[in-house]
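Enquirer: based on what follows, work out the 3D shape:
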Amino acid sequence: MTGYNTLTKDTAYYVPLLIWCLSAIWYYCYGIYAAITFAARPKKLVSGFHPPVTILKPICGLDNETYENFASFCRQDYPQYQIVFGVHNPGDPSVAVVKQIINDFPEIDVQLVVSDRLIGTNLKVSNLANAEAVAKYAILLLADSDVRVGPDYLKRVIQPLSNPVVGVVTCLYRPRTQGWVATLEAVRISTEYLTGVLVANQLEGIKFALGPTIAIRKSALVAVGGFVAIADYLADDYQLGNLPAQAGYKVVLSDYVIEHFITSERPSDLIHRQIRWAFCTRVSRPWGYLALLFTHGTVASLLLLLATSGSVLAWVALSATWTTRLAMAWIVGARCLNDPVTKKFLWLVPLCDLISFALWCYSFSVNTIEWRGHRFKLKKDGKLVLLKPNLPNPALRTA
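Expert: Residues are numbered from 1 along each chain as shown. A predicted model of the protein is given here:
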C-alpha cells in the first residue's frame with residue numbers, strides 16, 4: 001500500500017504537467033498547420049482594381065529610420081492615393097521629418113495635420129480622427145509610424161476590398177531590430193504572438209485587426225460609430241476589426257507582410273510594450289488569454305522534469321515539446337514571415353518562452369500601463385483612464 005500511495009502522490013504531480021505538455025504540443029502542431037495553410041493560399045491580383053486610398057499615419061516622436069519609413073509610403077506603385085500625417089504637438093520632432101517628406105516628394109499628395117484636439121483617452125485614436133478630417137477617399141489605410149513597406153504594398157493590401165463584403169484588411173509583419181532587447185522581443189513576436197494570429201485566422205477567421213496596417217472602408221468605420229466609438233479603448237486595433245465584423249463586414253488577413261521596426265533599447269522598454277500588448281489581448285479576448293496557459297509548453301516540460309527528478313518520461317516529454325515548439329517557430333517565423341531575426345536567433349526561443357510566461361503571469365497582477373510618455377489605468381471594459389501625463393523618462397515613449 002505504501003508503494004501504491006507513493007505512486008498516486010507522484011502521479012498527482014506529473015499527470016497534470018504531462019497533460020499540459022501534450023496540450024502545448026497539439027497547439028504547436030496546429031500552429032504549423034495554420035501557417036502552412038496561410039502561406040499556401042493563392043495570391044491573385046484583380047486587374048484594374050485600384051480605388052483611390054487615403055493613408056492615415058498617426059505620429060508621435062521619432063522611431064528608427066523614420067524618414068525611410070515615411071518615404072516608403074511615397075514610393076507606391078499605385079495610381080491615386082493621399083497620405084495624411086497627424087500629430088498633436090507642433091514641436092514634435094517628427095514634424096520636421098514630414099516637412100522634409102513633403103519637400104522631397106512634391107508629386108505625392110501629402111498633408112500634415114497638427115491638432116491637439118482629443119476625442120478620448122487613446123491619443124493615437126484622437127490623432128487618427130484629426131487626420132481623417134481631411135481624408136479625400138472612401139478607403140482609409142491606417143499605418144503605424146514605425147513600419148516600412150515595398151512599392152507593391154498598396155496594390156496588394158487593397159485587393160481583398162474588391163469583394164464588397166470585405167470591410168477590413170490587416171497584415172502580418174516581420175520585425176526589424178537593433179540590439180539584444182529588440183531581438184528578444186522580435187523572436188517572441190514572430191514565433192509566438194503572430195502564431196496566435198494565424199491560429200485564430202485558421203480556427204474561426206480573423207475578427208480583429210493588427211495595428212501596423214488596417215485598411216478599412218470609410219462606410220464600415222461610420223457604421224460602427226467612427227473613431228469616437230473606440231477613442232477610449234486601449235486595443236483600438238482590435239476594435240477596428242472586431243466592431244466591423246460584428247456589423248457584418250468580413251475581415252481579411254492580407255498575404256502582404258510589412259516591416260516593423262522595434263525600438264526597444266532597454267529591458268524596461270520590452271516590459272512596458274509587452275505588458276501593454278498583453279493587456280490588449282486580456283481585455284479583448286479574456287478566455288482566450290487565459291487559455292494561453294496551455295501553450296506554454298517550454299515551462300510545462302521544465303516543471304515536469306523538476307517534479308520527476310529527471311525521469312525518462314520527463315525527458316521524452318521535454319524533447320517532444322521543444323522539438324515541436326522549435327519546428328513551429330521556424331515554420332511561422334522563418335518560412336511564413338521570412339523573418340531574418342528568427343532565422344538567426346531561433347535558439348533564443350526557449351528563453352523568450354520563459355520571459356513570455358513571466359509576463360503572462362505578471363499581467364494578472366497590474367492594471368496600469370505606460371505608453372508614449374503617459375501613464376494609464378486600464379478599466380475592466382478595456383477603456384483607458386489617464387493617470388499621469390508627460391512622464392519624464394524617454395524610455396517610456398514606446399510605440
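Enquirer: just the strands from the stretch 151-300 of the chain, written as ranges.
Expert: Taking DSSP state E, counting those that start in this stretch as the test, the strands found in the stretch 151-300 of the chain are 166-176, 213-217, 250-261.
Enquirer: to Phe357, which of these lies closest?
Expert: strand 166-176 (20.3 Å; C-beta to C-beta). C-beta here means a position set from N, CA and C on the backbone, and glycine is covered the same way.
Enquirer: and the closest one, what does it pack onto?
Expert: helix 180-188, helix 194-204, strand 213-217, helix 218-223, helix 236-246, strand 250-261, helix 340-344 (3 or more C-beta pairs under 8 Å, 6 or more residues apart in numbering; DSSP states H and E).
Enquirer: would you list the ones you listed in CSV and tack on distance to Phe38 and mean pLDDT?
Expert: As requested, these are exported to CSV (distance: least, C-beta to C-beta, whole Å; pLDDT from 0 to 100):
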stretch, distance to Phe38, mean pLDDT
helix 180-188, 20, 90
helix 194-204, 6, 94
strand 213-217, 16, 97
helix 218-223, 23, 96
helix 236-246, 17, 94
strand 250-261, 7, 94
helix 340-344, 16, 94
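Enquirer: to Lys377, which of those lies closest?
Expert: helix 236-246 (16.8 Å).
Enquirer: which residues touch Leu56?
Expert: Contacts for Leu56 (C-beta atoms under 8 Å, 6 or more residues apart in numbering) come out as Val84, Gly86, Leu128, Ala131, Glu132, Ala135, Leu140, Leu141, Leu142, Ala143.
Enquirer: over to the last one: give its phi and psi.
Expert: It stands for Ala143. phi -130, psi 130 (degrees, to the nearest 10).
Enquirer: ok, what's across the strand from it?
Expert: Thr213 (DSSP bridges).
Enquirer: what number of residues lie near Trp347?
Expert: 9 (other C-beta atoms under 10 Å).
Enquirer: sec struct for it, please.
Expert: Classification of Trp347 using DSSP: H, G, I helix; E, B strand; the rest coil returns helix.
Enquirer: same check, this time on Glu370
Expert: On the basis of three-state DSSP, Glu370 is classed as strand.
Enquirer: show me what it bridges to in the sheet.
Expert: Beta-bridge partners of Glu370, as defined by DSSP bridges: Arg375.
Enquirer: tell me how far it lies from Leu210.
Expert: 22 Å (C-beta to C-beta, to the nearest Å).
Enquirer: contacting residues around stretch 88-106?
Expert: With C-beta under 8 Å, 6+ apart, stretch 88-106 has contacts from 59-62, 66-67, 70-71, 74, 85, 87, 110, 112, 114-116, 123, 126-127, 145.
Enquirer: of these, keep whichever come out buried.
Expert: Neighbour counting over those (16 or more other C-beta atoms under 10 Å) leaves 59-62, 66, 70-71, 74, 85, 87, 110, 112, 115, 123, 126-127, 145 as the buried ones.
Enquirer: in strands, which of those residues appear?
Expert: Phe85, Val87, Val110, Leu112 (DSSP state E).
Enquirer: give me the distance between the second one and Glu132.
Expert: This means Val87. 14 Å.
Enquirer: next one: the last one
Expert: Distance of Leu112 to Glu132, computed by C-beta to C-beta: 14 Å.
Enquirer: now swap in Phe227 and tell me
Expert: Phe227 is 7 Å from Glu132, by C-beta to C-beta.
Enquirer: and these two? Which one has more around it.
Expert: Shown here are Phe227 and Glu132; by other C-beta under 10 Å, Phe227 has more neighbours (25 against 19).
Enquirer: what's the nearest residue to the more buried one if we skip its chain neighbours?
Expert: In this structure, Phe227 finds its nearest non-sequential neighbour in Ala129, 4.0 Å apart by C-beta to C-beta, 6 or more residues apart in numbering.
Enquirer: what's that neighbour in contact with, if anything?
Expert: Here Ala129 is in contact with Arg117, Ile119, Gly226, Phe227, Val228, Ala231 (C-beta under 8 Å, 6+ apart).
Enquirer: okay, and it sits in which element?
Expert: Using DSSP states H and E, Ala129 falls within helix 123-132.
Enquirer: with just CA atoms, put that helix into CSV.
Expert: Written as CSV, here are the backbone C-alpha positions of helix 123-132 (Å, rounded to 0.1, in the frame of the first residue of the first chain):
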residue,chain,number,x,y,z
LEU,A,123,-4.2,59.6,-28.0
LYS,A,124,-3.4,57.6,-31.1
VAL,A,125,-7.1,57.4,-32.0
SER,A,126,-7.5,61.1,-31.5
ASN,A,127,-4.6,61.6,-33.8
LEU,A,128,-6.3,59.4,-36.4
ALA,A,129,-9.6,61.2,-36.1
ASN,A,130,-7.8,64.6,-36.6
ALA,A,131,-6.1,63.3,-39.7
GLU,A,132,-9.3,61.7,-41.1
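Enquirer: center of this protein - which residue?
Expert: Leu210 (5.1 Å; C-alpha atoms, centre = their mean).
Enquirer: bridged to the closest residue to that one other than its chain neighbours, which residues?
Expert: Of all residues not flanking Leu210 in the chain, Thr170 sits nearest, at 4.8 Å (C-beta to C-beta, 6+ apart). Thr170 forms beta bridges with Ile214, Leu253, as assigned by DSSP bridges.
Enquirer: contact partners for Thr170?
Expert: 206, 208-210, 213-215, 237, 241, 251-254.
Enquirer: of the residues you listed, which is the most crowded?
Expert: Ala209 (28 neighbours).
Enquirer: thanks a lot, catch you later.
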